[in-house]
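Enquirer: Sequence isn't available, so here's the structure alone:
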RNA sequence: GUGGCCAUCGUUCAAUGGUUAGGACCGUGGUUUGUGGAGCCGCAGAUGAGGGUUCAAUUCCCUCUGGCCACCCCA
């Protein structure tokens, strides 16, 4: 068992796992496209500066987890593997002048992303997410559309007990005042805080609300609440989102301490959570509004909103609940032959069947017919076509073992088509 | 990135400081050489890597690699 292994935190997906992931991916595209979102396929790498400026140089995602590519030559611009989708999508929006298209521009992608984090179940260095971005609309209507789209996608997958935790993190005008209030609130106990929390106190006090440190948790209970500090615009926006979602049957759970990890979020911020799941499994996705991001990366002011749902985590959650979403489906017809000379005929006939829209494979072995039938039976084939030494074809129905008398190709093709139609 | 637990055929479990590391599943071949998932009989396949201790290491120690858990972070 020596030799090469897949890199740490990166997996080989095959068999049922690959089938499930593919199914979730196609369900994601179907859900998004049905709602008017168009696919966008982006480079797997971008200029490092895009992520540094867009996501925030002080975030863990950029400061510690970014896969920076070794420069190929002295002139080359530093590139990094994408750790998330939003920055790249907004870059494409700006680059291609999508602001002259009808707004909002609705985009969807299901793609792999890379973060150099310590791997764990549900947390991989290469992971796949389902991303939706709606760019160019300040909401709150589009907020509601996007939040509902993600929630109903997860419910339709079979995760009926998904919870939507919602908060408003304010905007550039109201958040500074709240941050100052939090700093003032936690400052008296600075000495009791851990090192990490002390840094947060200085750099991003909102994160203190997320701390697991007992001292910080206790202090957080009496912390001022964000809603009280929202400006009139943000408060009205959040109220509208809550009200309309309630009206259409999407229950929001208020999460005043929910603070998304990336710096660019404004106003609406939410997470899709599975209650009762341990570790990484619970946080299946999250989203937010990022009205300031376009300007940060050199575009004109453009409001935007989006979410990311982890495909890997969704698959794990489904598997943990015993929900089968995808399985390997072998071809329904196997073409066997009595003697080796029939190989060309076997492969040719299998191809003909496929052209006719029937899934089929040839048995390309030199095994005896009994072994060939055994293989077909294990693949749960519906029918087997046996090429007789004289070139005629026998159709055998696997369910009952009935085998018709040898016939010509045209009539066998008709019989197979009729059989599979039932 | 910090701390902890773990590592035997493809899978799942055994065993052991000392001849050929065992079973089950899976795979593969045979089963009077042209008719199926069973049965029977075969075959193949592992101590993650590198060091060390020892007469002897898969077993003890160290490092690395990888997995999992908590933290962190987030999808």
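Expert: Okay, I see it. Note that the coordinates shown come from a computational prediction; the quantities given were computed from them, not determined experimentally. Residues are numbered from 1 along each chain as shown, chains lettered A, B, ... in the order given.
Enquirer: Quick check: buried residues in stretch A:354-368?
Expert: A:358, A:360, A:361, A:362, A:363 (16 or more other C-beta atoms under 10 Å). Placement of C-beta: from N, CA and C, glycine included.
Enquirer: And stretch A:391-405, by the same measure?
Expert: Using 16+ other C-beta under 10 Å as the test for burial, stretch A:391-405 gives A:393, A:394, A:395, A:396, A:397, A:398.
Enquirer: From residue A:166, how far off is residue A:245?
Expert: 8 Å (C-beta to C-beta, to the nearest Å).
Enquirer: Check residue A:330 too.
Expert: As judged by C-beta to C-beta, residue A:330 and residue A:166 stand 45 Å apart.
Enquirer: any weak-confidence spans in the stretch 51-200 of chain A?
Expert: Across the stretch 51-200 of chain A, the ranges flagged by pLDDT under 70 are A:194-196.
Enquirer: sec struct for the residue in the stretch 1-150 of chain A that RNA strand B sits nearest to, please.
Expert: Going by C-beta to the nearest atom of the strand, RNA strand B is nearest to residue A:8 of the stretch 1-150 of chain A, at 2.7 Å. For residue A:8, the assignment made with DSSP: H, G, I helix; E, B strand; the rest coil gives coil.
Enquirer: Same question for residue A:58.
Expert: coil.
Enquirer: same deal with residue A:376?
Expert: Here residue A:376 is recorded as helix under three-state DSSP.
Enquirer: Tell me which residues touch it, please.
Expert: A:334, A:336, A:363, A:384, A:398 (C-beta atoms under 8 Å, 6 or more residues apart in numbering).
Enquirer: before we move on, the earlier item: just the ones of the buried residues of stretch A:391-405 in strands?
Expert: Using DSSP state E, the subset of those located in strands is A:393, A:394, A:395, A:396, A:397.
Enquirer: Mark out where each domain of chain A begins and ends.
Expert: Taking automatic domain parsing as the criterion, chain A consists of the domains A:15-174+A:230-320, A:333-421.
Enquirer: Export these as TSV, with columns for distance to residue A:219.
Expert: Output for the domains of chain A, formatted as TSV (distance: least, C-beta to C-beta, whole Å):
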stretch	distance to residue A:219
domain A:15-174+A:230-320	12
domain A:333-421	61
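Enquirer: Now the common contact residues for residue A:245 and residue A:166.
Expert: Common neighbours of residue A:245 and residue A:166 (C-beta under 8 Å, 6+ apart) are A:147, A:252.
Enquirer: So which bits of stretch A:166-185 are buried?
Expert: A:166-171, A:174-175, A:178-179, A:181-182, A:185.
Enquirer: quick one: it to chain centroid distance?
Expert: Centre-to-centre, stretch A:166-185 and its host chain are 30 Å apart (C-alpha atoms, centre = their mean, to the nearest Å).
Enquirer: Break down chain A into its helices, ranges please.
Expert: All helices of chain A, identified by DSSP state H, fall at A:15-34, A:48-51, A:60-63, A:86-95, A:141-157, A:175-186, A:195-203, A:214-221, A:232-247, A:293-296, A:311-320, A:343-355, A:369-378, A:409-421.
Enquirer: Mind putting those into TSV with distance to RNA strand B?
Expert: Below are the helices of chain A laid out as TSV (distance: least, C-beta to the nearest atom of the strand, whole Å):
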stretch	distance to RNA strand B
helix A:15-34	10
helix A:48-51	13
helix A:60-63	4
helix A:86-95	8
helix A:141-157	10
helix A:175-186	14
helix A:195-203	6
helix A:214-221	9
helix A:232-247	19
helix A:293-296	13
helix A:311-320	5
helix A:343-355	14
helix A:369-378	3
helix A:409-421	13
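Enquirer: Pull out the buried positions in stretch A:291-305.
Expert: Residues of stretch A:291-305 classed as buried by neighbour count (16+ other C-beta under 10 Å): A:291, A:292, A:293, A:294, A:296, A:297, A:299, A:302, A:303, A:304, A:305.
Enquirer: what's in contact with that stretch?
Expert: Residues from elsewhere that reach stretch A:291-305 (C-beta under 8 Å, 6+ apart): A:50, A:53-54, A:86-87, A:90-91, A:93-94, A:99, A:104, A:133-139, A:142-143, A:146, A:171-172, A:264, A:266-268, A:287-290.
Enquirer: Got a quick ChimeraX command for the buried subset of those residues?
Expert: Of the contacts of stretch A:291-305, the buried ones go into a single ChimeraX selection, burial set by 16+ other C-beta under 10 Å:
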select /A:50,53,54,86,87,90,91,93,94,104,133,134,135,136,137,138,139,142,143,146,171,264,266,267,268,287,288,289,290
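Enquirer: I figured residue A:146 hits residue A:309, correct?
Expert: No: counting by C-beta atoms under 8 Å, residue A:146 does not reach residue A:309; the two are 11.4 Å apart.
Enquirer: Fine by me, thanks again.
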